[in-house]
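In: A structural model of the following input is requested.
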Amino acid sequence: MLVKVYGKAIQGISARKITVEVNIENGVGYHLVGLPDNAIKESSHRISAALKNVGYKLPGKKITINMAPADLRKEGSAYDLTIAIGILAANKNIKTDDLDRYIIMGELSLDGGLQSLKGVLPIAIQASKEGFKGIIIPQQNAREAAIVDTLDVHGVANISEVIEFFDKKKPLAKTKCDLLREFQKEIVNFPFDFNEVKGQETAKRALEIAAAGGHNILLIGSPGSGKTMLAKRLPSILPPLNIEEALETTKIHSVAGKIEGNGSIITSRPFRSPHHSISDVALVGGGSYPQPGEISLAHNGVLFLDEMPEFKRSVLEVMRQPLEDRYVSISRAKFSVNYPASFMLVASMNPSPSGYFPDDPNNTSSMTEMQRYMSKISGPLLDRIDLHIEVSKVGFEQLSTKRKGEASSVIRQRVLHARTIQSERFKATTINSNAQMGPKEIEQFCILDKASLKLIKSAMEKLNLSARAYDRIIKVARSIADLESAHQISSLHISEAIQYRSLDRAFWRV
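Out: Next comes the predicted model:
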């Protein structure tokens, strides 16, 4: 008898339908075709043990299993349950009335239990689009899939529950998720607050501007000046994720297997802080079967590179294209996948190998050593960082004061106001923030008066700025103006934006 059971294969952050065709006839042998990998080929042993431990067994006949489309490589152990149910149905051990209405996936343990899967959310979204009634998956993943409220989501702990369900002996419970309540439950809970930061008013102002416009920022300062402390508090002033951003972010983390426990939707912007020993592939994504890297896991959030010059230069250089295009394309011989990578880059570094500025008594580095140290970060990459901020040491008086600084909630309100202005400005486009503006948008929304043009011309000549740096200054000035609710960019906004280009100054280029 021939039966068809349906599963899904993950491609990028989307899913593609896989039809598992099981045919049982007289003869001997177990034949699995359709480009399965080793994990799927080994499934026969898991399936045999699991069925035996719940009171069934593999039929002693010729079993042929085809995973269509046959030209698409299938990977992982998530098809165990799909194949097992197909074998039982083809052997007439269970009824087949509703098999074609469900996506069935899960890795089997030898006792018939089910292990959690990766990529459940994109699977559920695609299943709903294709008109399936429901999805049967491990109970660990049920809350994640239940975000899709147009689908019956059944989380199961053992294959025996699935068998009883199709035999009409016992219904499966449906998992429900109140998306709005889940989304709002922890949307404003942050472990860090800017009121804990003593001093550093210039750096806090720069981070506020960066948050207002979604700009990349580099913090330069000696050890202990507070660079990491400031960076970790940036998410507390960023605008909250909207539903679309949250779903897209959750899909990426789901594909990467980063949804913890019985989690559902990601409610706060990601903050990723990879170690400087990270490889190129781990940062941008890839592998024999591509997986999202750190820059995609930071999508709609923050990627923090602490001690940036300590990263391998090749690792830093692979970020150049994603910083511009806001996605990363990973190509292989037979296919390619695109992962979103729209993140704020926040980086920190010391000004010299010894860790100190040239005018600091503790500095032991020569100018040559400083230049060699700075050259670890290429000019094209620095060009893509909008704000370069020198973070000075905090004095004793500031450290010892009991007075709290400005709270993140207060700063966040100003950032939200600026983002609201930008939402209205870009409502007819796909742009979300000033940092994403292209030449056309800059020409349309960033009109400069004569004084501003004269000022930026002078800066370009003195600092030898590139065309990209010119655009970045204007975009930062636009964000400064938005924080002040100013319709027109003034020379004051341009002047402040130029001040945030520390590494373009002669001091760093001598």
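
In: ok, and for stretch 100-110, which residues are buried?
Out: 102-109 (16 or more other C-beta atoms under 10 Å). Yep, even glycine has a C-beta here, placed from its N, CA and C like the rest.

In: what's the residue positioned nearest the centre of the chain in contact with, if anything?
Out: What sits nearest the mean C-alpha location of the chain, by C-alpha atoms, centre = their mean, is Leu297, with 2.5 Å. With contact set as C-beta atoms under 8 Å, 6 or more residues apart in numbering, Leu297 has these partners: 252-253, 256, 258, 270, 272.

In: most surrounded residue in the residues you listed?
Out: When neighbours are counted by other C-beta atoms under 10 Å, Ile252 leads the contacts of Leu297 with 26 neighbours.

In: one step back: so which of the contacts of Leu297 comes closest to Ile442?
Out: Lowest distance from Ile442 to the contacts of Leu297 (C-beta to C-beta) belongs to Pro270, with 28.0 Å.

In: if you skip the residues just before and after it, what's nearest to the closest one?
Out: Gly301 (3.4 Å; C-beta to C-beta, 6 or more residues apart in numbering).

In: Would you mind measuring from that neighbour to Phe311?
Out: Taking C-beta to C-beta, to the nearest Å as the measure, Gly301 falls 19 Å from Phe311.

In: Could you say which helix or strand holds Phe165?
Out: Secondary structure assignment for Phe165, by DSSP states H and E: helix 159-166.

In: Just the C-alpha atoms of that helix, please, in PDB.
Out: Output of helix 159-166 as PDB, limited to C-alpha atoms (Å, rounded to 0.1, in the frame of the first residue of the first chain):
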ATOM      1  CA  ILE A 159       4.500   8.500  19.100                       C
ATOM      2  CA  SER A 160       1.800   6.500  20.800                       C
ATOM      3  CA  GLU A 161      -0.200   9.700  21.200                       C
ATOM      4  CA  VAL A 162       0.000  10.300  17.400                       C
ATOM      5  CA  ILE A 163      -1.100   6.700  16.700                       C
ATOM      6  CA  GLU A 164      -4.100   7.000  19.000                       C
ATOM      7  CA  PHE A 165      -5.000  10.400  17.400                       C
ATOM      8  CA  PHE A 166      -5.200   9.000  13.800                       C
END
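
In: Just the residues contacting that helix, thanks.
Out: Defining contact as C-beta under 8 Å, 6+ apart, one finds that helix 159-166 is touched by 50-51, 54-56, 81, 84-85, 88-89, 93-99, 104, 108, 112, 114, 136, 154, 156, 170-172.

In: what do you get if the cut-off is 7 Å, keeping everything else the same?
Out: 50, 54, 81, 84-85, 88, 94-95, 98, 108, 112, 136, 156, 170-172 (C-beta atoms under 7 Å, 6 or more residues apart in numbering).

In: quick revisit: tell me the phi and psi of the residue nearest to Pro270?
Out: phi -140, psi -140 (degrees, to the nearest 10).

In: Tell me which residues touch it, please.
Out: Applying C-beta under 7 Å, 6+ apart, the residues contacting Gly301 are 269-271, 343.

In: Skip the chain neighbours and tell me the closest residue to Gly29.
Out: Lys62 (5.0 Å).

In: Test my guess that that neighbour contacts Glu25.
Out: Yes. Using C-beta atoms under 7 Å, Lys62 is in contact with Glu25, at 5.3 Å.

In: higher neighbour count, these two?
Out: Applying other C-beta under 10 Å to Lys62 and Glu25 shows that Lys62 carries more neighbours, namely 14 against 11.

In: Wasn't Met67 part of a helix?
Out: No. Read with DSSP: H, G, I helix; E, B strand; the rest coil, Met67 is strand and lies in no helix.

In: Can you name the residues bridging to it?
Out: Beta-bridge partners recorded for Met67 (DSSP bridges): Val20.

In: which ones are touching it?
Out: Taking C-beta under 7 Å, 6+ apart, one finds 18, 20, 34, 36, 74 in contact with Met67.

In: from the middle of its chain, how far away would whichever strand or helix holds Lys454 be?
Out: Using DSSP H and E, Lys454 falls within helix 450-463. In terms of C-alpha atoms, centre = their mean, to the nearest Å, the centre of helix 450-463 is found 38 Å from the chain centre.

In: And for stretch 454-473?
Out: Stretch 454-473 has its C-alpha centroid displaced from the chain centroid by 33 Å (C-alpha atoms, centre = their mean).

In: again, but for stretch 275-292
Out: 13 Å.

In: for stretch 172-182, same thing?
Out: Averaging C-alpha positions (C-alpha atoms, centre = their mean) puts stretch 172-182 24 Å from its chain's average.

In: Which positions in that stretch come out as buried?
Out: So, applying 16+ other C-beta under 10 Å, buried residues of stretch 172-182: 172, 175, 177, 179, 182.

In: Let's see which of the residues you listed end up in strands.
Out: Among the buried residues of stretch 172-182, DSSP state E puts none in strands.

In: I'd like these laid out as a markdown table, including pLDDT and distance to Tyr373.
Out: Below are those laid out as a markdown table (pLDDT from 0 to 100; distance: C-beta to C-beta, whole Å):
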| residue | pLDDT | distance to Tyr373 |
| --- | --- | --- |
| Leu172 | 93 | 61 |
| Thr175 | 91 | 54 |
| Cys177 | 81 | 50 |
| Leu179 | 71 | 49 |
| Glu182 | 66 | 46 |
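
In: Columns distance to Ala124 on top of those, output as TSV?
Out: Below are the buried residues of stretch 172-182 laid out as TSV (distance: C-beta to C-beta, whole Å):
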residue	distance to Ala124
Leu172	15
Thr175	11
Cys177	11
Leu179	13
Glu182	15
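
In: Settle this for me: Ile65 is touching Thr19, isn't it.
Out: No. Using C-beta under 7 Å, Ile65 is not in contact with Thr19; the gap is 11.0 Å.

In: quick one: which of the two has more around it?
Out: Ile65 (25 against 16).

In: Which residues are in contact with that one?
Out: Contacts of Ile65 (C-beta under 7 Å, 6+ apart): 20, 22, 31-32, 83, 86.

In: and what of Gln488?
Out: Going by C-beta under 7 Å, 6+ apart, the list of residues near Gln488 is empty.
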